[in-house]
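**Student:** Fold the following and give me the result.
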Amino acid sequence: MNGVRLSRAVGFRRMCWSALLLGALSGCNDETSICTAGGASAADYQLSPSGEVVAVVDPVLFDKVFDWQDSGTPAGSQNFECLVNYFTQRYSNDVDMLLVVLNISRADFLERSTRRVVSNFTVTQRVFDSGIGLQSIPLSSQVGGAALRSFSFFGVREGIEAGPALHELAHNWAAYLDGPESLLAQVSASPVAHWGFTSVGGALGGWDPQTLEPLAVDRFRVCSPSPFERFSPAGYANDNIPYAPLELYLMGLIPADEVPPIEVAINPVVSSSDGQCSEIYADGMETVTIDEIVADNGARVPAAEEAPTQFQLGVMLISDHYLDEQEWQYYEEALLCLEASGSCGRLVEGVTSIAGQQPIFIPLSFYEATGGRAELQFEQLEELPSSESTNSTDSGTLKQSRRRGSGEWQVVECPLNEQPADDGGESCSAG
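**Tutor:** Modelled structure (predicted):
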């Protein structure tokens with residue numbers, strides 16, 4: 001692992017998250033919250049050279065999140081409320097989505113992990129669209145800025161480079177439909193909010209609709225839309241699958257008449273899998289049309305002509321060490337790829353493959369995955385003025401990374417109300 005792991009014994013200002021934010025954030029006093037680490041979590045903060053990423057540097061917090069992930073303990077919304085509120089109240093209160101990433105490589109995670117399963121999840125905070133369902137999905141308590149739709153957690157850093165970033169972003173709109181009944185049975189099956197055994201064939205699951213092959217009255221062959229992954233009812237991890245027409249409709253990017261009929265398996269069970277394809281048993285297929293979806297869920301509002309097509313994202317890392325230049329470069333290249341208006345043209349290692357090895361492929365940008373209909377922009381972060389932040393104290397210090405005029409990268413420690421000066425040294429200024 002790059003960087004220097006921080007000592008828990010020396011070199012820190014130590015404070016409870018609730019003390020840091022003056023007790024204003026819900027969840028901080030919950031013994032199950034990651035915002036509590038024995039009553040005193042040692043937290044420092046580091047901004048990336050581009051200013052697009054903030055790292056919470058806290059080995060206690062890092063270990064707590066790692067242990068939760070490794071134990072398989074569900075990490076609900078309350079466990080991240082402090083971090084989400086901290087970001088939106090201190091750095092940006094107008095992001096649409098927040099990505100929270102545990103700063104560890106997959107290789108390091110697997111070497112250290114006992115469970116060897118990476119967790120990724122999205123928690124919906126606010127719904128600005130109607131006609132997309134959500135009636136059967138309980139929303140979490142609303143935290144973060146008024147614009148925040150959701151926050152997503154990635155258990156290893158590759159999540160935002162190779163996937164499942166596109167999968168998690170799709171959860172801002174899908175798959176929460178409340179009908180028709182056969183489709184509801186699939187999206188409400190465990191794990192909820194995925195397309196299940198259907199021909200949707202998008203980031204959130206389902207088979208490629210062109211591959212459905214009847215083998216018998218109750219037996220069918222279906223294949224994944226990704227050449228790198230097996231068919232999965234729960235969605236796909238690699239960022240190389242374009243969003244399906246139904247997903248684009250729910251995102252407000254295409255009109256209803258561009259969504260083809262969907263085949264839904266009734267009482268399906270996987271019989272066998274062979275590479276990209278699977279054989280399933282089912283009591284038949286039921287065809288669901290977009291008109292039936294609209295009848296059960298209402299029309300999508302705002303419609304495609306009026307729905308937003310640009311989304312602001314924030315990125316927060318949970319790290320046990322200060323990041324060096326090489327690590328920051330990794331994240332900034334990953335974000336450039338995700339927000340590219342076209343192909344990023346960058347080969348990466350994927351999350352899974354049908355061969356059980358890491359596939360090499362070029363990930364899609366969000367723009368490409370939407371067929372050029374929408375794009376992401378990562379927020380340029382600046383610490384909000386004290387009048388806009390719940391943190392009104394000037395005590396403590398903030399680790400900030402800056403590139404000097406010479407191109408040299410260094411970390412400068414400044415009081416919370418100051419920033420590194422532009423004189424090339426290590427002085428701070430209130431400007």
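
**Student:** what sits against the nearest residue to residue 253 once chain neighbours are set aside?
**Tutor:** Sequence neighbours aside, residue 373 is the residue nearest to residue 253 in space, at 4.2 Å (criterion: C-beta to C-beta, 6 or more residues apart in numbering). For the C-beta atoms, the positions are set from N, CA and C on the backbone; glycine is no exception. By C-beta atoms under 8 Å, 6 or more residues apart in numbering, the residues touching residue 373 are 248, 253-254, 309.

**Student:** one more time with 10 Å
**Tutor:** 243, 248, 251-254, 304, 307, 309, 366-367 (C-beta atoms under 10 Å, 6 or more residues apart in numbering).

**Student:** Just give me the closest of the residues you listed to residue 104.
**Tutor:** residue 366 (24.0 Å; C-beta to C-beta).

**Student:** Give me the neighbour count for the closest one.
**Tutor:** Other residues near residue 366 come to 24 when the count uses other C-beta atoms under 10 Å.

**Student:** For it, which non-adjacent residue is closest in space?
**Tutor:** That would be residue 376: by C-beta to C-beta, 6+ apart, it lies 4.6 Å from residue 366.

**Student:** in the stretch 201-350 of the chain, which spans are helices?
**Tutor:** 245-250, 290-297, 325-338 (DSSP state H, counting those that start in this stretch).

**Student:** can you check the stretch 51-200 of the chain too?
**Tutor:** Listed from the start of the chain, the stretch 51-200 of the chain has helices (DSSP H, counting those that start in this stretch) covering 59-71, 81-90, 106-112, 165-170, 181-187.

**Student:** Reformat those helices into CSV and put distance to residue 155, mean neighbour count and mean pLDDT next to each item.
**Tutor:** Shown next, in CSV, are those (distance: least, C-beta to C-beta, whole Å; neighbours: other C-beta atoms under 10 Å; pLDDT from 0 to 100):
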stretch, distance to residue 155, mean neighbour count, mean pLDDT
helix 59-71, 5, 18, 85
helix 81-90, 15, 24, 82
helix 106-112, 7, 14, 92
helix 165-170, 11, 26, 96
helix 181-187, 24, 21, 95
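
**Student:** quick one: which of the ones you listed is nearest residue 318?
**Tutor:** Closest among these, using C-beta to C-beta: helix 59-71, at 5.5 Å.

**Student:** Pop the domain breakdown of the protein in here.
**Tutor:** Domains of the chain are assigned by automatic domain parsing as 4-175+307-429, 181-297.

**Student:** Let me know which of those is tucked in deepest.
**Tutor:** A comparison of the domains of the chain by mean neighbour count, using mean count of other C-beta atoms under 10 Å, puts domain 181-297 on top with a mean of 20.

**Student:** what distance separates the start and the end of that domain?
**Tutor:** Taking C-alpha to C-alpha, to the nearest Å, domain 181-297 runs 11 Å from one end to the other.

**Student:** try stretch 330-344
**Tutor:** Taking C-alpha to C-alpha, stretch 330-344 runs 14 Å from one end to the other.

**Student:** now stretch 147-163
**Tutor:** 25 Å.

**Student:** For the nearest residue to residue 171 once chain neighbours are set aside, give me its contacts.
**Tutor:** Distance criterion C-beta to C-beta, 6+ apart; nearest residue to residue 171, sequence neighbours excluded, is residue 122 at 3.9 Å. By C-beta under 10 Å, 6+ apart, the contact list for residue 122 reads 97, 99, 149-153, 164, 167-172, 193.

**Student:** quick one: residue 122 from residue 304, how far?
**Tutor:** 23 Å (C-beta to C-beta, to the nearest Å).

**Student:** contacting residues for the nearest residue to residue 158 once chain neighbours are set aside?
**Tutor:** Spatial nearest neighbour of residue 158, excluding adjacent residues (C-beta to C-beta, 6+ apart): residue 106 at 5.1 Å. Listed by C-beta under 10 Å, 6+ apart, the contact partners of residue 106 are 113, 118, 155-159, 162, 349, 351, 358.

**Student:** Just to check, residue 206 is in contact with residue 236?
**Tutor:** Yes. Contact status for residue 206 versus residue 236: in contact at 9.5 Å, counting by C-beta atoms under 10 Å.

**Student:** Look up which residues are beta-bridged to residue 44.
**Tutor:** Note on residue 44: beta-bridge partners by DSSP bridges are residue 57.

**Student:** okay, and the helix or strand of the chain with the least pLDDT?
**Tutor:** One helix or strand of the chain scores below all others by mean pLDDT, DSSP states H and E: helix 17-20, with a mean of 26.

**Student:** tell me which element residue 377 is part of?
**Tutor:** For residue 377, the element it lies in under DSSP states H and E is strand 375-378.

**Student:** List the neighbouring strands of that strand plus their orientation.
**Tutor:** strand 310-319 (parallel).

**Student:** residue closest to the middle of this structure?
**Tutor:** residue 152 (3.4 Å; C-alpha atoms, centre = their mean).

**Student:** what's across from that residue in the sheet?
**Tutor:** Going by DSSP bridges, residue 152 forms beta bridges with residue 99, residue 122.

**Student:** quick one: it and residue 120 touch, right?
**Tutor:** Yes. With contact defined as C-beta under 10 Å, residue 152 and residue 120 form a contacting pair (7.2 Å).

**Student:** Pull up the overlap in contacts between those two.
**Tutor:** 101, 159, 164-165, 167-168, 171.

**Student:** Among those, which one lies nearest to residue 268?
**Tutor:** The closest of these, once distances to residue 268 are taken by C-beta to C-beta, is residue 167, at 21.1 Å.

**Student:** Distance check, the closest one against residue 366.
**Tutor:** If you go by C-beta to C-beta, the gap between residue 167 and residue 366 works out to 12 Å.

**Student:** Now do the shared contacts for those two.
**Tutor:** Counting by C-beta under 10 Å, 6+ apart, the residues touching both residue 167 and residue 366 are residue 239.

**Student:** Low-confidence stretches in the stretch 1-150 of the chain?
**Tutor:** Filtered on pLDDT under 70, the stretch 1-150 of the chain yields the residue ranges 1-43, 73-79, 135-142.

**Student:** now do the stretch 301-431 of the chain
**Tutor:** In the stretch 301-431 of the chain, residues with pLDDT under 70: 384-431.

**Student:** make it 80
**Tutor:** 345, 352-358, 382-431 (pLDDT under 80).

**Student:** residue boundaries of the strands in it?
**Tutor:** Using DSSP state E, counting those that start in this stretch, the strands of the stretch 301-431 of the chain run over residues 310-319, 321-322, 348-349, 360-361, 375-378, 397-403, 409-415, 419-420, 428-429.
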